[in-house]
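Novice: heads up, no residue letters with this:
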């Protein structure tokens, strides 16, 4: 979620940096669909079963 106009400047700056860095970093996106915008080099695996993929994503979010 983008910061609103009433957010402190440091929050806005932190959001801007994170918005740029997450595409090439190891941090998973907040929305699963945003994985599609990451570079192909960020792919760490594929799963045939949705439950396996969900387990992996859940593990990343818990870390």
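Specialist: Yes, it's here. Fair warning: this is a prediction, and the values are worked out from it, not measured in the lab.

Novice: from now on I want contacts and neighbour counts done on CA atoms only, so please keep to that.
Specialist: Noted.

Novice: how distant is the helix or strand of the chain with the lowest mean pLDDT from the center of its chain?
Specialist: Ranked by mean pLDDT, DSSP states H and E, the helix or strand of the chain with the weakest confidence is helix 50-62, at a mean of 81. Relative to its chain's centre, helix 50-62 lies at 13 Å (C-alpha atoms, centre = their mean, to the nearest Å).

Novice: quick one: contacts of that helix?
Specialist: Contacts to helix 50-62, defined as C-alpha atoms under 8 Å, 6 or more residues apart in numbering, come from residues 28, 46, 47.

Novice: what do you get if the cut-off is 10 Å, keeping everything else the same?
Specialist: Outside of helix 50-62, the residues within contact range by C-alpha atoms under 10 Å, 6 or more residues apart in numbering are 26, 27, 28, 29, 30, 32, 45, 46, 47.

Novice: do stretch 26-39 as well
Specialist: Outside stretch 26-39, the residues that touch it by C-alpha under 10 Å, 6+ apart are 1, 18-19, 21-25, 42-43, 57, 60-61.

Novice: state the pLDDT value of the spatially most central residue of the chain.
Specialist: What sits nearest the mean C-alpha location of the chain, by C-alpha atoms, centre = their mean, is residue 29, with 1.3 Å. pLDDT recorded at residue 29 is 74.

Novice: which intervals of this structure have sub-threshold pLDDT?
Specialist: Low-confidence segments of the chain, defined by pLDDT under 70: 61-63.

Novice: and if we set it to 80?
Specialist: 1, 22-23, 26-32, 34-35, 42-44, 57, 59-63 (pLDDT under 80).

Novice: tally of neighbours for the closest residue to residue 11 other than its chain neighbours?
Specialist: Counting by C-alpha to C-alpha, 6 or more residues apart in numbering, residue 11 lies nearest to residue 3, which is 7.3 Å off, once chain neighbours are set aside. By other C-alpha atoms under 10 Å, the residues close to residue 3 number 14.

Novice: what distance do you get for residue 3 to residue 28?
Specialist: 19 Å (C-alpha to C-alpha, to the nearest Å).
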